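> how does the following fold in three dimensions:
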Amino acid sequence: MLGGQAEAPKEVADIRHELISLARAGMTPIQIAGQLQCSEKNVYTLLAESIGKQQLSLEQALDLPEDLLGEIQDAFLDGEGELPPVAEIAPLFTGRVPEGVLYCVRAALQSEFEI
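Next up, the predicted model:
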C-alpha cells in the first residue's frame, strides 16, 4: 500500500476539509451536520480531531460564551498533570453543553499544552 496506512480515505479527507471550511465560515455543529448529512456526534469528533491537529481553532469550531468556556477549561485543568478524560468532566456540564463540546475543548487544551 503506497503512502502508508496513516492517510484517511479520500472521502473522509474531503469531508474533514469541507467541515473545516464550514466551521471557519461560522456554521454551528448542528448546521454542519445538516449540510454534510451526518450526525452531530460525527461533526464534534471531526472538529475535535481538527482542533487537535491545529487545523482549526476552538473559537472557529465553537461559539461558546467566554465564561462557560473558561469554566470548562478550568474543570479540565483542575487536576495534577494529565487532563482528565471527558467522562470525568461530563457530569458537571450535563444539560448545559453537548458532550462533543467537551471533546473539542479537551483537544484544544491538549494541543496548546502538548499534553
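
> can you pull out the helices in this structure?
Ranges of helices in the chain, per DSSP state H, are 10-24, 29-36, 40-52, 58-61, 66-77, 86-89, 99-113.

> how about the ones you listed in CSV, adding mean neighbour count and mean pLDDT?
From N, CA and C alone the C-beta is placed, and that goes for glycine too. Converted to CSV, the helices of the chain look like this (neighbours: other CB atoms under 10 Å; pLDDT from 0 to 100):
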stretch, mean neighbour count, mean pLDDT
helix 10-24, 15, 86
helix 29-36, 17, 95
helix 40-52, 21, 96
helix 58-61, 19, 94
helix 66-77, 14, 96
helix 86-89, 15, 96
helix 99-113, 20, 94
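
> what residues are up against residue 18?
Residue 18 makes contacts with 35-36, as judged by CB atoms under 8 Å, 6 or more residues apart in numbering.

> touching, residue 104 and residue 62? I think so.
Yes. The pair residue 104 / residue 62 is scored as a contact, 5.8 Å apart, by CB atoms under 8 Å.
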